[in-house]
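> Model the structure of this input:
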Amino acid sequence: MLKTLFPTLARFRLAVQIAMLFFTVYGSVIVGHYAAEKITGSLPALSCAYDQENAAYCILIPTQHQIHHRIGEGIVRAQQITFQLVVPLLITIATFFAFFFVIGKAFCGWVCPLGTLQELIAKVGRRFGIGLRRMEAGDLGEVKRVRPVKWLLLVGLVFLLPLLTGLGVTPHSLGNPYCDICPSRVATTLLTGNTEQLALATNDGIGFTLGAIADMLIGFMLVGALAMRQPFCRICPLLSFNAMFQRLSPMRLVKAQHSACDKCSICTESCPMDIPEISKQHGRKAYNEDCTLCGRCVEYCPQDDVIKLKWGPWALFSSSREYYKNKVKGELPDGTVKPIKFVRGAAKGGEANA
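Below is the predicted model of the structure:
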């Protein structure tokens, strides 16, 4: 039945992505606002807390709030480190692990609404023949130069500044700085018809600056996604947050050693994150920090059972030569599809009328 409804893994993932996009943006319309608040306070995907109609919240907002309001302010008041200070943060992290254990980093590749939007925009770009801009994946390439950015954002904006704000070192408006610049805050609220998050705060210099950065990032993402796959995912601190714990989830990518890998590199070409390790390494080293477990490398590996998407001892999906041959008939590894040519179609129509 599954093969009948979804002939490829990519189509099945797209169906899940679309369903989760509606759930994480409009979910409370279905389950109600009260139930939406109870579903989770720490979903490991960019489901924005500013969206008043969603059914789940991103873990980064409660993490920032707990560090800001619990840890920082607690130290300032010189209170004894008790359950009041530690337990809320532990509950947030424990909730995260409860969800993360099930599908691990696949939250980035299958659930995150911002990731889904970028993929849909990229499909539009490929359909209209917009040239694909790939990031260099060599030893000194752009991919490895960009990787530290997401860690700097995680440490600086998610952990450090909220703590300093709680300690009274930095202004209150820096209490949750990452959420103030996160493009998901703008994108998902716009999908609900709410334009408030686009507005800039004119009465607060810091708030104005953070809001301007958010608008710049959403513009960069919307335009960049037409020509580059997953532009924001490459610097997303939630990806690095998930990467910290990727070995703790039974959901993982497994790659066996194969002699053809030195000459192929199709899996890196198919990877939306341009990860070079997937084609050059095997075993644990092939499962890189940038991986979102989207499964494209498994789909486009032309060798039987070389790359597998596994949950514990069970292989959920394995590479197959036959699958690869059928897959490339409709879409090339880099996402290229047959473009829509309006001009040629119009010309044919004119000739027919003549």
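
> CA atoms for contacts and neighbours, from now on please.
Will do.

> Surely residue 252 is in a strand?
Yes. Secondary structure of residue 252, determined by DSSP: H, G, I helix; E, B strand; the rest coil: located in a strand.

> neighbours of the closest residue to it other than its chain neighbours, just the number please.
Ranked by Cα to Cα, 6 or more residues apart in numbering and with sequence neighbours excluded, the top spatial neighbour of residue 252 is residue 310, at 5.5 Å. Residue 310 is surrounded by 16 other residues when neighbours are defined as other Cα atoms under 10 Å.

> What of residue 155?
Neighbourhood size, residue 155 [other Cα under 10 Å]: 14.

> Likewise for the one 10 residues further on?
Residue neighbour count, defined by other Cα under 10 Å, stands at 21 for residue 165.

> and it, what element?
Following DSSP states H and E, the helix or strand that holds residue 165 is helix 161-166.

> Dump that helix to PDB, keeping only the CA atoms.
What follows is the C-alpha trace of helix 161-166 in PDB, where atoms were taken according to Å, rounded to 0.1, in the frame of the first residue of the first chain:
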ATOM      1  CA  LEU A 161      23.300  36.400  25.500                       C
ATOM      2  CA  PRO A 162      20.200  35.100  27.400                       C
ATOM      3  CA  LEU A 163      22.400  34.200  30.300                       C
ATOM      4  CA  LEU A 164      24.100  37.600  30.300                       C
ATOM      5  CA  THR A 165      20.600  39.200  30.100                       C
ATOM      6  CA  GLY A 166      19.500  37.200  33.100                       C
END
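
> Show me what secondary structure element comes after it.
Beyond helix 161-166 on the C-terminal side, the first helix or strand identified by DSSP H and E is helix 177-181.

> tell me what that following helix is packed against?
If contacts are counted by 3 or more Cα pairs under 8 Å, 6 or more residues apart in numbering; DSSP states H and E, helix 177-181 sits against helix 205-227.

> which parts of the helix it packs on are buried?
With burial defined by 16 or more other Cα atoms under 10 Å, the residues of helix 205-227 counted as buried are 206-215, 217-218, 221-227.

> And stretch 249-262, by the same measure?
Of all the residues in stretch 249-262, those buried under the rule 16+ other Cα under 10 Å are 249, 250, 251, 252, 253, 254, 255, 261.

> Take the residues you listed and lay them out in TSV including pLDDT.
Compiled in TSV, the buried residues of stretch 249-262 are given as follows (pLDDT from 0 to 100):
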residue	pLDDT
249	92
250	93
251	93
252	92
253	93
254	94
255	93
261	86
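
> Can you tell me which of these is nearest residue 8?
Compare each of the buried residues of stretch 249-262 with residue 8 using Cα to Cα and the shortest gap goes to residue 253, at 17.9 Å.

> Relative to residue 333, how far out is residue 325?
When Cα to Cα, to the nearest Å is the yardstick, residue 325 and residue 333 sit 11 Å from each other.

> neighbour-wise, which of these two wins?
Here residue 325 and residue 333 are compared on neighbour count by other Cα under 10 Å; more neighbours surround residue 333, at 21 against 14.

> I figured that one hits residue 300, correct?
Yes. With contacts defined as Cα atoms under 8 Å, residue 333 counts as touching residue 300 at a distance of 6.3 Å.
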